[in-house]
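1. Need coordinates for the following:
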Amino acid sequence: MNEHYLHFLWKNKRLPLHRLRTIDGEKIEILHVGFYNPDSGPDFFNGQIRINEVKHSGNIEMHVKASDWNQHGHQHDPAYSNVILHVVYEHDQLIFIEGIPIPTVELKAFIDWKHYDWFNQYYQKNRGLIICEAFLNGLPQPVIWSQVEQALFQRMKRKANELQALFNDRKMSFREVLFHAFSKAFGMKVNQLPFQELAIGIPFEKFIRASRKQKLAIAFGVGGFLEESASVPYHEELKEEWFFQKYKLKLHAGSRVGWKFKGCRPGGFPTQRLAQFAAFIHEMDWTSSLWALPAKELLRILQENLLKPADTYWNHHFDFGKEKKAPSEMSIGTANTIIVNSVIPFLWWLTDCLNDEIYRNKAFELLELLPPEQNQKIAEWKQVGINPKNALESQGLIEMTNEFCSRKQCLSCQIGNQILKSEKGKSKSEK
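-> Coordinates of the predicted model:
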């Protein structure tokens, strides 16, 4: 048994969740399996369970053996203090957080060993590969790009639905939804969750009316970076402003523990991104007139505001008191990624809210103006001869990798269906 397989089962809900019990025999209801975290920290963020009619929200950790918790050193890591459920293949030891036993579920009785063998032989072997790559050269180009377009619509619809859920849950204004979309995008993949929590902790209307210095203090303060002893004059200056704003606006400091520096280059450290976020929000035009601009002009303004230096201090430091050898600013590639992951879904969502296709058309125009992303997924498509010309096509290809190829959803894919039909025809002719 291995953790990758347990992650696969939990993420894809390939378990009889309704039959699960804790090791104490208590019935447990899995309300949400959480969001898979491939980086350091708990395996699934923001899960929800119910035990004895009490609802718990937090993180979920998985191990082959329960004792792996201590072997991996989680008992000394504050990042695991909010784990609400321990899911293990084999329960061999009771695990505690601050003296309280963690609710634990054992999966040994629910393993389908034939499926486990399939996973090891095929899923792991083909992981990250485009399975139909050998057939792509023989397919008509319209079939391929029609599927890419379908995947793009699916991707934008899913992201718009996420914004709609946020809008419904918190009764936000349109521009506050955009603020949350920007926040999530600034977090990129590694710090997306703490950036989302940051946005929830900031009173939007008061924040956008604050000065640049106040915005920096509020962002770093709510993020949990100004509660510790000040190490440098700049830190002390922001800390003083933070405590004033904290009292005035009744704010609460988050935990610095949740922010991840590991896996980021210094230019992408959360301290850098927080400073850039505060500066961008300060420069952003929050009036509706911004969206009336032609797509080319809108893109130019967004890029310019994102690329403006955050603060003189952060030009020469990557953390409080830690200097950089050379100044660095946000790259145009990072700025474009933020636009793709925030403005485009927002315009898509706004179309559905206002029943006005002008916003979706503007989203299409922006995607056509933006260059394709440069990442491993796009590199794999290029290797098999599929070269996106712009972000519109690359976004569709990313969705193809995430939702079709990696999930083996060939029967739901126009490309997969075309290949299966052609191979079926070949088989008949060969007979």
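
2. mind showing which ranges of the stretch 1-150 of the chain have poor pLDDT?
-> Scanning the stretch 1-150 of the chain for pLDDT under 70 picks out 118-119, 121-129.

3. Helices of that one, start to end?
-> All helices of the stretch 1-150 of the chain, identified by DSSP state H, counting those that start in this stretch, fall at 3-11, 68-71, 113-118, 141-170.

4. Of these, which stretch is the most buried?
-> Across these, the average number of neighbours (mean count of other CB atoms under 10 Å) peaks for helix 3-11, which reaches a mean of 18. Using the backbone N, CA and C atoms, a C-beta is placed for each residue, glycine as well.

5. Touching it from outside, list them.
-> Residues from elsewhere that reach helix 3-11 (CB atoms under 8 Å, 6 or more residues apart in numbering): 14-15, 33, 36, 43-44, 60, 62-64, 87, 89, 107, 116, 119-120, 123-124.

6. Give me the buried entries from these.
-> Neighbour-count burial (16 or more other CB atoms under 10 Å) applied to the contacts of helix 3-11 gives Leu15, Val33, Asp43, Phe44, Ile60, Met62, His63, Val64, Val87, Tyr89, Leu107, Phe119.

7. Which of these fall within strands?
-> Among the buried ones among the contacts of helix 3-11, DSSP state E puts Phe44, Ile60, Met62, His63, Val64, Val87, Tyr89 in strands.

8. how about TSV for the residues you listed, with distance to Asn341 added?
-> Putting these into TSV (distance: CB to CB, whole Å) gives the following:
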residue	distance to Asn341
Phe44	22
Ile60	25
Met62	28
His63	32
Val64	35
Val87	30
Tyr89	36
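
9. ok, these vs Pro345, which is closest?
-> Nearest to Pro345 among these: Phe44, at 23.2 Å, using CB to CB.

10. so what's the closest one up against?
-> By CB under 8 Å, 6+ apart, the contact set of Phe44 is Trp10, Lys11, Val33, Gly34, Phe35, Tyr36, Asn37, Asn59, Ile60, Glu61, Met62.

11. Arg175 versus the second one, what's the distance?
-> Lys11 sits at a distance of 34 Å from Arg175 (criterion: CB to CB, to the nearest Å).

12. And Leu299, which helix or strand is it part of?
-> According to DSSP states H and E, Leu299 maps onto helix 295-307.

13. quick check: mean pLDDT across the next helix or strand after that helix?
-> Once helix 295-307 ends, the next helix or strand along the chain (criterion: DSSP H and E) is helix 312-315. Helix 312-315 shows a mean pLDDT of 86.

14. ranges for the strands of the stretch 301-431 of the chain?
-> Per DSSP state E, counting those that start in this stretch, the stretch 301-431 of the chain carries strands over the ranges 317-319, 322-323.

15. Other residues contacting the shortest one?
-> Contacts to strand 322-323, defined as CB under 8 Å, 6+ apart, come from residues His316, His317.

16. Which strands border it, and is each parallel or antiparallel?
-> With DSSP bridges as the test, strand 322-323 is paired with strand 317-319 (antiparallel).

17. List the buried residues for the partner strand?
-> Going by 16+ other CB under 10 Å, strand 317-319 has these buried residues: His317, Phe318, Asp319.

18. on that earlier part again, can you list the strands of the stretch 301-431 of the chain in JSON lines and add distance to Asn168?
-> Shown next, in JSON lines, are those (distance: least, CB to CB, whole Å):
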{"stretch": "strand 317-319", "distance to Asn168": "38"}
{"stretch": "strand 322-323", "distance to Asn168": "42"}
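
19. Tell me which other helices or strands the helix holding Leu299 touches.
-> helix 270-283, helix 332-354, helix 357-369 (3 or more CB pairs under 8 Å, 6 or more residues apart in numbering; DSSP states H and E).

20. okay, the angle between the second one and helix 295-307?
-> What it means is helix 332-354. 120 degrees (axes from the mean of the first three to the mean of the last three CA atoms, to 10 degrees).

21. quick check: mean pLDDT across helix 332-354?
-> Across helix 332-354, pLDDT averages out at 96.
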